[in-house]
Every structure is written in structure tokens, then in C-alpha cells.
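K.L.:
Here you go, sequence then predicted model.
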Amino acid sequence: MPHITIEYTANLEPALRLPALMQALHTVAAGIEAFPLAGLRTRAERRDHFLVADGHPDNAFIHLTLRIAHGRSLEVRKAAGDALFEVFCRELQPLLDTRPLALSFEISEIDPALNYKGGNIREYIAKRGAA
């Protein structure tokens, strides 16, 4: 963990600079000491079917979700949230300047008893670091 998911309405394309937004969020999360780099995932999900507020077709939303492992202090979670929300808003300011857009951000903790993991990414990261 952490896992970052960007959910956005289809009507934002092509104005949404999604690769830049993803990179900016990923970079900030990678710099947070409490988050292990090997667990970091950033992804985006386009929503083709949506209604926002009064249903006007220009309305749009972008919702950011940060899912983290249980056990970090409120101070750590709040600092991470503040850092991510700041870059989220900064990257989206050009869209906010030109269209109706709802932004939201939620941090959720994953129950450790219901969190299953597997894979070999840590070994590959270690090998690349040694090279």
C-alpha cells in the first residue's frame, strides 16, 4: 500500500492531462516515508455513464481515493492527505478555471485481516536497485 485511484468522468477527455496528474500524485506518494514504494499503485478509471449535480452535460467530477494499510497515526494520514490533495488541486486548476468540476478525495484504511497479497515486485525492485 498505498493504492491511489483516480475516478473521472469521460467528458473530461481530452482536456484532462491524466498522465501528468498520475505522475504528480505517484511522485508525492513515493516521497512519503510511511508508504513503502513497492506497494505503491496509481491507476485511473474513466466513467462513461454518470450524472453530476443538476445533470448538465458539462458537469464533471474527479474523485481521488487513497487506500492504505491499517495502523498509521492520524497525523501521518492527515499529512499524506494534505500533500496529495494539494498536488491534486494544483494539477487540476486549469480545468477548474474553465468548466464545472467537482473534486473529492477520500482516504480509507484496509482491514489487515482481510488484506491478501502476493507477487514478486519487491525482488525485482531490489535487483534493479543493486544494478
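P.N.:
Happy to help now that I have it.
K.L.:
So which elements touch the longest helix belonging to the chain?
P.N.:
Criterion DSSP state H: the longest helix present in the chain is helix 74-96. Judged by 3 or more CB pairs under 8 Å, 6 or more residues apart in numbering; DSSP states H and E, the packing partners of helix 74-96 are helix 18-30, strand 60-69, strand 101-110. To be clear about C-beta, it is placed using only N, CA and C from the backbone, and glycine gets the same treatment.
K.L.:
rerun that using 10 Å as the cut-off
P.N.:
Identification of packing neighbours for helix 74-96 by 3 or more CB pairs under 10 Å, 6 or more residues apart in numbering; DSSP states H and E yields strand 3-9, helix 18-30, strand 60-69, strand 101-110.
K.L.:
Rebuild those as CSV, extending it with mean neighbour count, mean pLDDT and distance to residue 42.
P.N.:
Output for the helices and strands packed on helix 74-96, formatted as CSV (neighbours: other CB atoms under 10 Å; pLDDT from 0 to 100; distance: least, CB to CB, whole Å):
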stretch, mean neighbour count, mean pLDDT, distance to residue 42
strand 3-9, 19, 98, 4
helix 18-30, 16, 97, 4
strand 60-69, 20, 96, 10
strand 101-110, 14, 96, 14
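K.L.:
Now render those as a markdown table, adding distance to residue 89.
P.N.:
Below are these laid out as a markdown table (distance: least, CB to CB, whole Å):
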| stretch | distance to residue 89 |
| --- | --- |
| strand 3-9 | 13 |
| helix 18-30 | 11 |
| strand 60-69 | 10 |
| strand 101-110 | 7 |
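K.L.:
nearest to residue 130, of these?
P.N.:
When the helices and strands packed on helix 74-96 are compared by CB to CB, helix 18-30 sits nearest residue 130, at 19.1 Å.
K.L.:
Let me know the angle separating that closest one from strand 60-69.
P.N.:
When axes from the mean of the first three to the mean of the last three CA atoms, to 10 degrees is applied, the directions of helix 18-30 and strand 60-69 differ by 30 degrees.
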